[in-house]
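Engineer: Here's my sequence, what's the structure:
(chains A and B)
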There are 2 protein chains.
Amino acid sequence: MQILLTNDDGYRSPGLAALIEIMKPYGHLTVVAPEEMQSGMSSAITTKIPVRLRKITSEKGMDVYACSGTPVDCVKLAMSCVLPQKPDLLVSGINHGINASSAVIYSGTLGAAVEGTLYGVPSIGFSLADFTPDADFNGCKIYGTKIINQALAHPFAPHVFLNVNFPALPAKEIKGVRLARQHRGAWIEEFVKRTDPHGFDYYWLTGQFVNHEPGALDADENLVNAGYISIVPHHLDMTDYPELQRLQKEWTF
Amino acid sequence: MQILLTNDDGYRSPGLAALIEIMKPYGHLTVVAPEEMQSGMSSAITTKIPVRLRKITSEKGMDVYACSGTPVDCVKLAMSCVLPQKPDLLVSGINHGINASSAVIYSGTLGAAVEGTLYGVPSIGFSLADFTPDADFNGCKIYGTKIINQALAHPFAPHVFLNVNFPALPAKEIKGVRLARQHRGAWIEEFVKRTDPHGFDYYWLTGQFVNHEPGALDADENLVNAGYISIVPHHLDMTDYPELQRLQKEWTF
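Structural biologist: Below you'll find the predicted structure:
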């Protein structure tokens, strides 16, 4: 198998090293990952300036490149200028931090998985609910392999990508794996004002997660917080069909 | 009404000026738009550096601010630090360029509409299928008003935002308005390699749109190309429920 790996934390991140360990047994790896941290870049693309590509290593079974652009730039550049043909699988991550609920909207890790899906490549995003640099990726390694094995044995639909979130727990404390739906929630009251030494205001993005369905145990955010690994199949058609039908009847021009 | 306006082309763009013209009769306008062009920024947020906010003008019925961040930063900053209360309506645009089909994934204009929806504010994105700086916004003004009137008379669901695309036609040549679904298509073969004067390679994002359903006349991309205004109701839950049910049966751990 030809496998494309990327992430949004940069090519030197421990999460990517863990992902490489998981994926090496499955085939040839091509890593095209950002030079620097690109968290919160969503599906952003670089249009105003050109991007650079730098070969980091080439060893048996793996080539590693760093790209100056966003995670989506990494995927596009891999597809158009690095890989000889479309890969069989794309895996993005392992992200340092949870990407459940509406985090899927802001996540660069999942932006890369969206992009793989647009290219018709089966795509999976892996995230660990632990921001710390010395996060424990052992649970991800054990269960990540199980998840890849399931995906190869029972492929998911071509219009879908998988959003996998691991709880911040030692492997033996993980309660299990659940196929789930996207949780409803949002971040609010997010910018805080400060004043610089010259007397001018500036604003830092912070954020407070508001859980719109604290009781739901079939949705990813709560499942991960309860110690489960969540897997959400996401598609790219965001049309709300019931609302489309309703508005078609009500609106007149 | 309290109305929040933003865009991704920057606070000086002619598309925003046209949007202000459309929206002024409806209430008090607060404009928080990027300092510079932020096309293709999707739902990206600024996390590594702080953002700045600059008051541009304050006149009867309208306050205008420029923000150094992305379109989503503009919305978050407006909500948390500019507006005294949640606005009644958010309108983003008018974007210089079509945002139909999978453009919704990369668009900063629509990233702002997604963000408004997360805050529980009825949100609409307007885009004109014309990239040129001297694009004709007259059709947008006439039909934009009709669309706002419909949205006020028959409100769309709170979990939905509207993606409106106008064809690049004089008002009298526009064939009509169609409520539609998101078109299936993608951009491929997108980076081109060049060599700089120092002998190093660099890559420009270009792109070729591949229309996956050239015959469909109920989907936004083709409708706009055929001279219609398309309105797609989008929601934020990207879960593929049939695929979720299928995988729940097939996958075992």
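Engineer: Break down the stretch 101-250 of chain A into its helices, ranges please.
Structural biologist: Ranges of helices in the stretch 101-250 of chain A, per DSSP state H, counting those that start in this stretch, are A:103-106, A:108-118, A:138-153, A:220-225, A:241-250.
Engineer: want to try a markdown table for these, with distance to chain B, mean pLDDT and mean neighbour count as columns?
Structural biologist: All C-beta spots, glycine's among them, are computed from the backbone N, C-alpha and C. Conversion of the helices of the stretch 101-250 of chain A to a markdown table gives the following (distance: least, C-beta to the nearest C-beta, whole Å; pLDDT from 0 to 100; neighbours: other C-beta atoms under 10 Å in any protein chain shown):
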| stretch | distance to chain B | mean pLDDT | mean neighbour count |
| --- | --- | --- | --- |
| helix A:103-106 | 5 | 95 | 26 |
| helix A:108-118 | 4 | 98 | 29 |
| helix A:138-153 | 5 | 98 | 18 |
| helix A:220-225 | 9 | 97 | 25 |
| helix A:241-250 | 4 | 97 | 15 |
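Engineer: can I get those helices in a markdown table with distance to A:Val160?
Structural biologist: Formatted as a markdown table, the helices of the stretch 101-250 of chain A follow (distance: least, C-beta to C-beta, whole Å):
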| stretch | distance to A:Val160 |
| --- | --- |
| helix A:103-106 | 13 |
| helix A:108-118 | 7 |
| helix A:138-153 | 11 |
| helix A:220-225 | 15 |
| helix A:241-250 | 17 |
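Engineer: Of all those, which one is nearest A:Asp130?
Structural biologist: helix A:138-153 (9.8 Å; C-beta to C-beta).
Engineer: The nearest residue to A:Gly227 once chain neighbours are set aside: neighbour count?
Structural biologist: The spatially closest residue to A:Gly227, leaving aside those adjacent along the chain, is A:Lys175, at 4.2 Å (C-beta to C-beta, 6 or more residues apart in numbering or on different chains). Neighbours of A:Lys175 under the rule other C-beta atoms under 10 Å in any protein chain shown: 12.
Engineer: A:Lys175 contacts A:Ala226, doesn't it?
Structural biologist: Yes: if you go by C-beta atoms under 8 Å, A:Lys175 and A:Ala226 touch, sitting 7.1 Å apart.
Engineer: Of the helices of the stretch 101-250 of chain A, which is nearest A:Leu77?
Structural biologist: With C-beta to C-beta as the criterion, A:Leu77 lies closest to helix A:108-118 of the helices of the stretch 101-250 of chain A, at 10.6 Å.
Engineer: what packs against that closest one?
Structural biologist: With contacts defined as 3 or more C-beta pairs under 8 Å, 6 or more residues apart in numbering or on different chains; DSSP states H and E, the packing partners of helix A:108-118 are helix A:71-77, strand A:89-96, strand A:123-128, strand A:160-166.
Engineer: what's the most buried one of those?
Structural biologist: Among the helices and strands packed on helix A:108-118, ranked by average contacts under mean count of other C-beta atoms under 10 Å in any protein chain shown, first place goes to helix A:71-77 (a mean of 30).
Engineer: what helices or strands is that one leaning on?
Structural biologist: strand A:2-6, strand A:28-34, strand A:62-67, helix A:108-118, strand B:191-195, strand B:201-205.
Engineer: Tabulate the CA atom coordinates of the third one in CSV.
Structural biologist: What it means is strand A:62-67. The C-alpha coordinates for strand A:62-67 follow below in CSV (Å, rounded to 0.1, in the frame of the first residue of the first chain):
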residue,chain,number,x,y,z
MET,A,62,9.4,6.1,4.1
ASP,A,63,10.0,9.5,2.6
VAL,A,64,9.5,12.6,4.8
TYR,A,65,8.9,16.1,3.5
ALA,A,66,8.2,19.4,5.2
CYS,A,67,6.0,22.0,3.5
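Engineer: my read: A:Val224 touches A:Asn99, true?
Structural biologist: No: using C-beta under 8 Å, A:Val224 is not in contact with A:Asn99; the gap is 9.6 Å.
Engineer: I'd like the helices and strands packed on helix A:108-118 written out as JSON lines, with mean pLDDT added.
Structural biologist: Below are those laid out as JSON lines (pLDDT from 0 to 100):
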{"stretch": "helix A:71-77", "mean pLDDT": "98"}
{"stretch": "strand A:89-96", "mean pLDDT": "98"}
{"stretch": "strand A:123-128", "mean pLDDT": "98"}
{"stretch": "strand A:160-166", "mean pLDDT": "98"}
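Engineer: Take the ones you listed and write them to JSON lines, including distance to B:Pro133.
Structural biologist: Formatted as JSON lines, these follow (distance: least, C-beta to C-beta, whole Å):
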{"stretch": "helix A:71-77", "distance to B:Pro133": "26"}
{"stretch": "strand A:89-96", "distance to B:Pro133": "36"}
{"stretch": "strand A:123-128", "distance to B:Pro133": "37"}
{"stretch": "strand A:160-166", "distance to B:Pro133": "37"}
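Engineer: coming back round to it: what is in contact with A:Val224 and A:Asn99 at once?
Structural biologist: Shared contacts of A:Val224 and A:Asn99 (C-beta atoms under 8 Å, 6 or more residues apart in numbering or on different chains): A:Asn165.
Engineer: ok, A:His28 - contacts?
Structural biologist: A:1-3, A:61-62.
Engineer: And A:Asp134, what's its pLDDT?
Structural biologist: Per-residue confidence for A:Asp134 comes out at a pLDDT of 89.
Engineer: my bad, should have said A:Leu179
Structural biologist: 98.
Engineer: Surely it touches B:Glu250?
Structural biologist: No: shown here, A:Leu179 and B:Glu250 do not form a contact pair, counting by C-beta under 8 Å, at 9.5 Å.
Engineer: if we can go back for a sec, now the helices and strands packed on helix A:71-77 in TSV, with distance to A:Asp240?
Structural biologist: Shown next, in TSV, are the helices and strands packed on helix A:71-77 (distance: least, C-beta to C-beta, whole Å):
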stretch	distance to A:Asp240
strand A:2-6	30
strand A:28-34	33
strand A:62-67	35
helix A:108-118	18
strand B:191-195	33
strand B:201-205	30
